[in-house]
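Asks: coords please:
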Amino acid sequence: MKKPKSLRLLSLLLLLALATVLHVGCSQDGGLSPVGPEKIVAPPSALITTAGDGDDDDDSELLSAATRDPDDEGITTALIGPLGGVVMHGDHRVIIPAGALSQTVEISFSVPDSDTLMFDLAPHGTQFNVPIILEFEYDNADLAGVNESALQVGYYNDSTGAWDSMPTTVDTVNDVIIGQTTHFSRYAILR
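Replies: Alright, predicted model coming up:
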């Protein structure tokens with residue numbers, strides 16, 4: 001049985017509040033600096049519109065979607081600064097704790113039109129001062145022959161041309177996969 005979405009959202013907000021308290025408690029001066037109106041906008045070329053890098057062999061390790069979720073269409077953008085925040089796109093979330101950014105950044109979150117569960121977070125190359133949390137739902141995935149508890153969040157490594165996995169937690173009850181990262185890139189759920 002799945003938890004109600006309101007309970008999951010409350011859990012995320014509590015996690016964000018805890019991360020904020022921990023960051024403020026661990027910072028040198030105990031405070032956060034204010035941010036001016038400056039923002040960074042992702043260039044249109046940073047948004048991916050095709051699956052993977054065009055090489056079908058690289059995409060074979062990606063978890064396939066059984067159906068396309070209509071809530072995944074379009075691009076979600078949000079201005080996030082040093083105080084942190086949550087960017088939600090459909091049922092997927094990016095939790096940016098306080099102190100992860102030094103200035104306000106316009107974050108964009110999209111799901112490329114693909115038969116795989118892939119996610120594009122921009123501006124690509126954005127580096128975070130502390131890890132951020134990626135939470136991707138996979139309830140519309142094709143899980144035939146897949147060990148659900150072995151799923152991994154991965155990112156596309158432009159240097160090697162391969163998908164690299166990262167430490168991952170899989171919530172098989174709610175069909176949610178959670179990873180942490182310190183940079184923005186193209187992400188996917190790996191089988």
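Asks: Any idea how many residues pack against Thr67?
Replies: By the measure other C-beta atoms under 10 Å, the count of residues near Thr67 is 9. C-beta: built from backbone N, CA, C; applies to glycine.
Asks: does it really touch Asn140, like I thought?
Replies: Yes - here Thr67 lies in contact with Asn140, judged by C-beta atoms under 8 Å, at a distance of 5.0 Å.
Asks: which parts of the strand or helix carrying Thr182 are buried?
Replies: When elements are defined using DSSP states H and E, Thr182 is found to belong to strand 176-183. Residues of strand 176-183 classed as buried by neighbour count (16 or more other C-beta atoms under 10 Å): 176-181.
Asks: list the contacts for Leu121?
Replies: Shown here is Leu121, whose contacts under the criterion C-beta atoms under 8 Å, 6 or more residues apart in numbering are 94, 107-109, 134, 184-187.
Asks: Export the residues you listed as JSON lines, with columns for distance to Met118, pLDDT and secondary structure.
Replies: Putting these into JSON lines (distance: C-beta to C-beta, whole Å; pLDDT from 0 to 100; DSSP: H, G, I helix; E, B strand; the rest coil) gives the following:
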{"residue": "Val94", "distance to Met118": "14", "pLDDT": "97", "secondary structure": "strand"}
{"residue": "Ile107", "distance to Met118": "17", "pLDDT": "96", "secondary structure": "strand"}
{"residue": "Ser108", "distance to Met118": "15", "pLDDT": "96", "secondary structure": "strand"}
{"residue": "Phe109", "distance to Met118": "12", "pLDDT": "96", "secondary structure": "strand"}
{"residue": "Leu134", "distance to Met118": "12", "pLDDT": "98", "secondary structure": "strand"}
{"residue": "Phe184", "distance to Met118": "14", "pLDDT": "94", "secondary structure": "coil"}
{"residue": "Ser185", "distance to Met118": "11", "pLDDT": "92", "secondary structure": "coil"}
{"residue": "Arg186", "distance to Met118": "7", "pLDDT": "95", "secondary structure": "strand"}
{"residue": "Tyr187", "distance to Met118": "7", "pLDDT": "97", "secondary structure": "strand"}
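Asks: closest to Asp171 among those residues?
Replies: Leu134 (13.0 Å; C-beta to C-beta).
Asks: what about the strands in this protein?
Replies: Defined through DSSP state E, the strands belonging to the chain, from first to last, are 75-80, 85-89, 92-96, 105-110, 118-122, 127-137, 152-157, 162-165, 168-171, 176-183, 186-190.
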